[in-house]
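1. Output the structure for:
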Amino acid sequence: MNDWLHLETGIGLLVALLLLLVIWLVYRRGRQGDPLERVLDDIAFERADGLIIPNGDEGEIQIDHLLLTARGLLVLHIKDVQGAVFGSDKMQDWTVIADDRRYTFSNPQPALYDRVAAVRQIARQVPVAGRVLFMDGADFTKGVPDLVCGLDELTREFGDKDKAAAQRKVEAFKLHWEQLSQYRDGAG
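-> The predicted structure is shown next:
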């Protein structure tokens with residue numbers, strides 16, 4: 001009877017360990033599964049999505065993603081396209097040529113400039129940058145326009161290996177971040 005109890009306990013422990021291993025693998029795969037979230041978690045100390053802020057002309061403008069980084073505030077516009085992208089700073093429309101289709105979209109830079117300017121009106125003493133982030137699968141074969149980047153470039157430019165030093169920098173921006181945070185979900 002005593003041996004049977006030890007066997008049941010051993011099997012129970014083995015099942016519990018296997019369950020913990022499965023949970024850990026699922027968690028790890030989930031974290032690795034979304035490269036965008038991994039990069040945003042790496043570069044941003046705080047993040048606000050879907051802000052609606054005054055644009056300076058008695059109107060409002062939507063900020064899809066605003067990140068608090070060690071370099072200041074980052075206005076991020078994300079484009080998820082697959083294929084060869086043809087665009088430049090001076091072109092009104094950019095073209096994507098994929099395997100079986102071709103389409104155009106408006107140059108995202110002018111709207112980004114407007115969003116950055118609106119954030120600067122509120123957070124005047126904080127550096128504000130803007131980037132149009134193209135996800136993996138977009139290939140700029142004729143050159144990359146200004147303020148356009150991929151995930152790797154975004155990490156290189158806004159990531160910080162020394163998180164303690166970066167945290168101290170971020171503290172200087174907190175008051176301005178809180179001013180902008182009042183506009184979450186269109187409130188403000």
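2. residue nearest the centroid of this protein?
-> In the chain, the residue lying closest to the centroid (CA atoms, centre = their mean) is L40, at 4.0 Å.
3. send the alpha carbons of the helix or strand hosting that one over as PDB?
-> Element membership of L40, judged by DSSP states H and E, is helix 35-43. Taking C-alpha atoms only, helix 35-43 is exported to PDB below (Å, rounded to 0.1, in the frame of the first residue of the first chain):
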ATOM      1  CA  PRO A  35       7.200  40.300 -33.300                       C
ATOM      2  CA  LEU A  36       5.400  43.700 -33.300                       C
ATOM      3  CA  GLU A  37       4.400  43.300 -29.600                       C
ATOM      4  CA  ARG A  38       7.800  42.100 -28.700                       C
ATOM      5  CA  VAL A  39       9.500  45.200 -30.200                       C
ATOM      6  CA  LEU A  40       7.000  47.600 -28.800                       C
ATOM      7  CA  ASP A  41       7.400  46.000 -25.300                       C
ATOM      8  CA  ASP A  42      11.200  46.400 -25.800                       C
ATOM      9  CA  ILE A  43      11.300  50.100 -26.700                       C
END
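4. any idea how far it is from the chain center?
-> Put simply, helix 35-43 sits 6 Å off its chain's centre (CA atoms, centre = their mean, to the nearest Å).
5. List of residues touching it?
-> With CB atoms under 8 Å, 6 or more residues apart in numbering as the test, helix 35-43 has contacts from 31-32, 47, 65, 67, 69, 74, 78, 133, 135-136, 151, 154-155, 158-160. C-beta coordinates here come from the backbone N, C-alpha and C atoms, glycine included.
6. What of stretch 99-119?
-> Identification of contacts with stretch 99-119 by CB under 8 Å, 6+ apart yields 53-56, 61-63, 66, 73, 75, 77, 79, 81, 83, 87, 89, 91-96, 128-132, 145-148, 180.
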